[in-house]
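> structure for this input, please:
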Amino acid sequence: MNFSEALTTTWKFFSEGGIFMLFLALCSLVAITVIIMKFLSLKREQILPPHLESEVENFEEHLEKDTLGELQTEFERGENALARLCTVAISNAGRTQGEVQEAVQSSAREEIVRMNSGMPVLDVIITIAPLLGLLGTTSGLMTVFGDLDDKDTISRGIAVALSTTIVGLAIAVPAVIAQSYFTRRIETMAARLEVLLGKVVSACHQHVFFRDK
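Numbers count the residues shown, from 1 in each chain. This next block holds a predicted model:
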């Protein structure tokens, strides 16, 4: 089968699915868009850049040696989640440790909400794509069984009707895999942020230089 024949067969497969194929195509487009956006927004450089993570690991050492200036400048640029949260911790360093932790936790919740943006859309796609497929199949079968005289027509009609179910499942399965991957990635990075911010808050609380600010 050459490319032209393959293209014709593919077009026939989708066009015979009826109106429900249009909805499934829209679901597919939305799912692909969200997955690409999540891959870009959950890049490590956007949340936990390795070089900054290493510097925050040694945050207390920077305080002791009074070498925080350049690192604090990077925090204030706010180019990633870790930098923004560290800025919150430092700007509240004159308060009690409990107050600093509360301020950091509030900002951290905002960052986690930001990391989860788009995930509800994947949830919807995972739910409705198979349902649209089944709805298309049911609608097709009702049409097929409206005429029971021609067995060949019935066989071909059932095959066509089932095409929407196939497409619906083909959309939902990759979306489920992507959702699982993104959820795990968000949980892992959120846990790492919590550990690093705990070190920053503790270090800020222990040093008089920051308490006096």
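> quick one, helices of the protein?
3-15, 19-41, 44-47, 50-57, 59-65, 69-77, 81-91, 97-115, 119-144, 151-206, 208-211 (DSSP state H).
> TSV for those, including mean neighbour count?
Glycine gets a C-beta too; all of them are placed from N, C-alpha and C. Formatted as TSV, the helices of the chain follow (neighbours: other Cβ atoms under 10 Å):
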stretch	mean neighbour count
helix 3-15	11
helix 19-41	16
helix 44-47	15
helix 50-57	15
helix 59-65	15
helix 69-77	14
helix 81-91	22
helix 97-115	15
helix 119-144	17
helix 151-206	17
helix 208-211	13
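> output those in JSON lines, with mean pLDDT appended to each entry.
Formatted as JSON lines, the helices of the chain follow (pLDDT from 0 to 100):
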{"stretch": "helix 3-15", "mean pLDDT": "60"}
{"stretch": "helix 19-41", "mean pLDDT": "92"}
{"stretch": "helix 44-47", "mean pLDDT": "90"}
{"stretch": "helix 50-57", "mean pLDDT": "88"}
{"stretch": "helix 59-65", "mean pLDDT": "77"}
{"stretch": "helix 69-77", "mean pLDDT": "83"}
{"stretch": "helix 81-91", "mean pLDDT": "88"}
{"stretch": "helix 97-115", "mean pLDDT": "87"}
{"stretch": "helix 119-144", "mean pLDDT": "87"}
{"stretch": "helix 151-206", "mean pLDDT": "85"}
{"stretch": "helix 208-211", "mean pLDDT": "43"}
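> quick one: the most centrally placed residue in the chain and residue 134, what's the gap?
Taking Cα atoms, centre = their mean, the centroid of the chain lies closest to residue 38, which sits 4.3 Å from it. For residue 38, the distance to residue 134 (Cβ to Cβ, to the nearest Å) stands at 27 Å.
> same deal with residue 186?
According to Cβ to Cβ, residue 186 and residue 134 sit 31 Å apart.
> and if you look at residue 50?
Distance from residue 50 to residue 134, by Cβ to Cβ: 46 Å.
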